[in-house]
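Q: After the sequence you'll find the predicted model.
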Amino acid sequence: MGAAGTPGTSTDGIAAERRQLLNVAYRLLGSLAEAEDAVQEAYARWYALPPARRDEIVAPGAWLSTVTGRICLDVLGSARSRRERYVGAWLPEPLPDRTEWDRGRRADHTDPADQMVLDESVTMAFLVVLESMTPAERVAFVLHDVFRYPFAEIAAVLGRTSAACKQLAASARRRVRLAEAPVAAAGQAQAVRHVKEAWETRNIAALVDLLDPAAVMTADGGGLAGAALRPIEGGALIAQYMVALADKAPGLELLERSVNGLPGLVAQRDGVVMTVASFEVVDGRVTRIWVVRNPEKLRPWAREA
């Protein structure tokens, strides 16, 4: 695709596409692990082509982008049935900011999370909105509005006309406009810090004051870690739930960390990350909390010796 560039057929040029492809695939799938699998599959298909066929491809980056998009579309198509079997709520995988987690990691360490661009298109609020779209809407919107691919090339991914792709992106855009946009990071950082302080002191009254009365907390344990199976609604109930959790989990250390590019909280015990929490803040009060406890989704947060 046009936005991916045309580096030529050299090995270095093909490898250079990996960062772009991972960023596209993560936004399409909401899963870093699935994004990596999709990109690896695209590369496998590229290298499976006869050398003569590869030489005929003028823009390998565009070819890889198209194939990755189609793979992601197939994954999204099967995601609904897989999510129906998932224990509790399903949330996108949270992304760390590697500049906050680089100490103690091996010099030769490589991780897909290192390749991610943290911007407004990976905030948890934005990814949750993407989850509400149909697979075709999500592909059209992400490729066009986020990565600026032309509709003619998106049509090749979706197998539809350019006009149909424009309509899909417009429908997705309306869903995004209906969602609340998160506040600037500075305002969110202050709200998250106050939540941390109130949680650590078990101050229910302070938590209630920080939470919007209609706030919603959604937790993802995937059946592998304790988590509420249904969203908890209402600031007072969320505050009580948070304090009850604190009482049941002695030894947890709360850290202020960037989560998907915005201030969030990380709970760890003995250096092992147990929980990652994302927040949406509107007018100084927390309106949404997304809590990921599924250990399979916390692998990018592991700190290696």
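A: Cool, got the structure. Residues are numbered from 1 along each chain as shown.
Q: Low-confidence regions, this structure specifically.
A: Scanning the chain for pLDDT under 70 picks out 1-12, 101-111, 180-186, 303-305.
Q: ok so Val117 is a helix residue?
A: No: going by DSSP: H, G, I helix; E, B strand; the rest coil, the assignment for Val117 is coil, not a helix.
Q: List the buried residues for the longest helix anywhere in the chain?
A: Longest helix in the chain, counting residues (DSSP state H): helix 60-84. For helix 60-84, the neighbour count (16 or more other C-beta atoms under 10 Å) marks 60-73, 75-76, 79 as buried. Where you see a C-beta, it was placed from the backbone N, CA and C, and this is true even at glycine.
Q: for stretch 29-39, same thing?
A: 29-32, 34-36, 38-39.
Q: and the next element down the chain from the longest helix of the chain?
A: helix 124-131 (DSSP states H and E).
Q: Over to Val274. Which of the three states is it?
A: Just to correct that, residue 274 is Met rather than Val. Using three-state DSSP, the secondary structure recorded for Met274 is strand.
Q: ok, it touching Leu265?
A: No: between Met274 and Leu265 there is no contact under C-beta atoms under 8 Å: 11.4 Å.
Q: who's more crowded, the two?
A: Leu265 (21 against 17; other C-beta atoms under 10 Å).
Q: quick check, that one in a strand?
A: Yes: under three-state DSSP, Leu265 falls within a strand.
Q: Contacts only, for it.
A: 192, 195-196, 254-257, 259, 275-277, 279 (C-beta atoms under 8 Å, 6 or more residues apart in numbering).
Q: Find the residue closest to it in space, skipping its chain neighbours.
A: Ala277 (4.5 Å; C-beta to C-beta, 6 or more residues apart in numbering).
Q: Surely the one you found forms part of a strand?
A: Yes: counting by three-state DSSP, Ala277 is found in a strand.
Q: buried residues in stretch 279-297?
A: Those would be 279-282, 285-295, 297, for stretch 279-297 by 16+ other C-beta under 10 Å.
Q: which stretches of the stretch 151-300 of the chain form helices?
A: Assigned by DSSP state H, counting those that start in this stretch, the helices in the stretch 151-300 of the chain fall at 151-158, 162-178, 185-200, 204-210, 235-248.
Q: Of all the ones you listed, which one comes closest to Trp90?
A: Nearest to Trp90 among the helices of the stretch 151-300 of the chain is helix 162-178 (17.9 Å), distances taken as C-beta to C-beta.
Q: pretty sure Arg269 is touching Leu254, no?
A: No: Arg269 is beyond contact range of Leu254, at 10.8 Å (criterion: C-beta under 8 Å).
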